[in-house]
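A.B. asks: Just a sequence and a predicted model for now, questions to come.
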Amino acid sequence: MLMSPSSRRRRQGYAAAARPAAARLHEPRLAAHVEDLTVSYHDKPVLFDIDLNVPPGVMCAIVGPNGAGKSTLIKAILGLVKPTSGHITLHGLPYRQVRARVGYVPQRSTVDWDFPTTVHDVVTMGLYGQIGWFKRPGRREREKASEALKMVGMQDFARRQISQLSGGQQQRVFLARALVQEADVYFLDEPMAGVDATTERAIVKILGALRDAGKTVIVVHHDLQTVRSYFDWLVLLNVRVIAQGPVDDIYTADNLRATYGGQIALLEHGDFTRPAPAPGPGPAPGPGFDAQKEDAGPPQAAEAR
Ligand SMILES: Nc1ncnc2c1ncn2[C@@H]1O[C@H](COP(=O)(O)OP(=O)(O)OP(=O)(O)O)[C@@H](O)[C@H]1O
Ligand SMILES: [Mg+2]
């Protein structure tokens, strides 16, 4: 368990923050506060009436099936997709006012890795919020980027083009880019997807250290078995917020069934997992696979149709 006793105590005090928001549009006590958020693609709601309250200093997992709207939620919070309705604040302020205090690691499948740039340059880009886009990074900035690469074990790849890295290495470079920002709130979209066990441990350790330093770390996570050991706060999402709060309160069989539509199995030690999809014709379900969703009427839960 990575959670420190102090963070365990602290998060008890935040349990009230998990209750449905009652007209608190700009909530400065919360690291992330979302109220009445609906997002639609082509008139079809993929997030519906979302209220989200993430207190500062927690390591929060956003969990739900493929197509549940997890990436869309993060993109809406960061102003990358336009909501149909809703209010969003980070530390009580709109994102555009706290941009430099927010780090973001996008889902790997959504990044154009052919972009011709070196590992070191990608990490330095994380500093542009602090130095401005039109100033050249100086020695201090370059050193910061090198330090961040060292933290994720990628210092030997600094001069390499990002297109010439493995998936797990690319993921670590993006983590380094978020680290140099020295943000207060970090959003990471499936940072552990497709990395080996050693890299996963390294990433979890770095994120835990950020949390212990008082930062808020919000992670889209796909592995139910590690939710309780990695995270202290949990948001279960499937188009709507199914449940949110301290992980020990929220990680229950009923809540997980409500999120995954009954497609979970109980393991011996009280953890849950999702069974592998049954083999059949057509492509295997995975991130981004949503052929069945095109005909679905709004707002429906992903994979419950
Ligand atoms: N740019 C887009 N245009 C139209 N529909 C989209 C777009 N992006 C996402 N969607 C749809 O919105 C829904 C939510 O997608 P989103 O990527 O947020 O899900 P997710 O929970 O992150 O899934 P995954 O676990 O596969 O990453 C899906 O049905 C998806 O097909
Ligand atoms: Mg996603």
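C.D. replies: That came in fine, so what should we check first? Numbers count the residues shown, from 1 in each chain. Ligands and ions are numbered 1, 2, ... in the order given.

A.B. asks: how about the helices of the protein, start to end?
C.D. replies: 5-13, 70-77, 95-98, 119-125, 128-131, 139-151, 167-180, 197-212, 227-230, 247-250, 253-260 (DSSP state H).

A.B. asks: now for those, which one comes closest to ligand 2?
C.D. replies: Of all the helices of the chain, it is helix 70-77 that lies closest to ligand 2, at 3.2 Å by Cβ to the ion. C-betas here are computed from N, CA, C, even on glycine.

A.B. asks: That closest one vs ligand 1: in contact?
C.D. replies: Yes - contact of helix 70-77 with ligand 1 (Cβ under 6 Å from any ligand atom) involves 70-72.

A.B. asks: Of these, which is the most crowded?
C.D. replies: residue 70 (27 neighbours; other Cβ atoms under 10 Å).

A.B. asks: I'd guessed residue 53 sits against residue 33; true?
C.D. replies: Yes - counting by Cβ atoms under 8 Å, residue 53 touches residue 33, with 5.9 Å between them.

A.B. asks: Could you find the closest non-adjacent residue to the residue nearest in space to the middle of the chain?
C.D. replies: What sits nearest the mean C-alpha location of the chain, by Cα atoms, centre = their mean, is residue 219, with 2.9 Å. Closest residue to residue 219 apart from its sequence neighbours, by Cβ to Cβ, 6 or more residues apart in numbering: residue 188 at 4.8 Å.

A.B. asks: Any idea what that neighbour is bridged to?
C.D. replies: Beta-bridge partners recorded for residue 188 (DSSP bridges): residue 105, residue 219.

A.B. asks: Which pLDDT does the model give residue 28?
C.D. replies: The model reports residue 28 with a pLDDT of 74.

A.B. asks: Could you pull up phi and psi at the closest residue to it other than its chain neighbours?
C.D. replies: Closest residue to residue 28 apart from its sequence neighbours, by Cβ to Cβ, 6+ apart: residue 92 at 3.0 Å. Listed backbone geometry of residue 92 is phi 80, psi 0, with angles given as degrees, to the nearest 10.
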